[in-house]
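Asker: Fold the following and give me the result.
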Amino acid sequence: MRVRARTALRPYYNYRLIDIPAGTEVSGGLAVHLLETRSDVEPADEAAALWGKPGADDQPEEPGGGSEPEADGTADDILTWVGDDPDRADTAIAQETARDKPRSTLLKKLQKIAEQ
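Answerer: Numbers count the residues shown, from 1 in each chain. Here you go, the predicted structure:
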């Protein structure tokens, strides 16, 4: 998923503030985060354009387990879903950090994948 910033943005994501100049295209977990927080962005691909629209969830799942991991899934399930995809790792990190009690070992593994 990809979105383009309409204005300069400075979201808090993955434990830090990120400067995004106007016109910059971002992808993966950060793009999802910007859509979820209703930031001033425009879709840069079909997935982003369909995000949040009624019926968009009726589409077939992506190979390997859908567009997001189960929030209450086991660490192994989440790591299987992420594989070696940094964008999926970013998404899983955002979801894990939103939990009341984030799993520190899982977060460390996800951060290693996200940095690739």
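
Asker: Restricting to C-alpha, output stretch 32-44 in CSV.
Answerer: Taking Å, rounded to 0.1, in the frame of the first residue of the first chain, the C-alpha atoms of stretch 32-44 are listed here in CSV:
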residue,chain,number,x,y,z
VAL,A,32,-1.5,2.2,6.8
HIS,A,33,-0.7,4.2,9.9
LEU,A,34,-1.2,7.5,8.0
LEU,A,35,-4.6,6.3,6.7
GLU,A,36,-5.7,5.0,10.1
THR,A,37,-4.9,8.3,11.7
ARG,A,38,-6.6,10.2,8.9
SER,A,39,-3.5,12.2,8.0
ASP,A,40,-3.5,14.5,5.1
VAL,A,41,-2.5,11.9,2.4
GLU,A,42,-3.8,10.8,-1.0
PRO,A,43,-3.8,7.2,-2.3
ALA,A,44,-0.9,6.3,-4.5
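
Asker: what comes into contact with it?
Answerer: 1-7, 9, 11, 13, 25-26, 31, 48-49, 51-52, 91, 94 (Cβ atoms under 8 Å, 6 or more residues apart in numbering). The C-beta positions use only the backbone N, C-alpha and C, and glycine is treated the same way.

Asker: Now which of these would you call buried?
Answerer: Among those, those buried by neighbour count (16 or more other Cβ atoms under 10 Å) are 1-5, 9, 11, 13, 26, 31, 48, 51, 91, 94.

Asker: All the helices of the chain, residue numbers only.
Answerer: Remark: helices assigned in the chain by DSSP state H are 28-36, 46-50, 75-82, 86-97, 104-114.

Asker: JSON lines please, covering those and showing distance to residue 17.
Answerer: Formatted as JSON lines, those follow (distance: least, Cβ to Cβ, whole Å):
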{"stretch": "helix 28-36", "distance to residue 17": "12"}
{"stretch": "helix 46-50", "distance to residue 17": "22"}
{"stretch": "helix 75-82", "distance to residue 17": "24"}
{"stretch": "helix 86-97", "distance to residue 17": "15"}
{"stretch": "helix 104-114", "distance to residue 17": "17"}
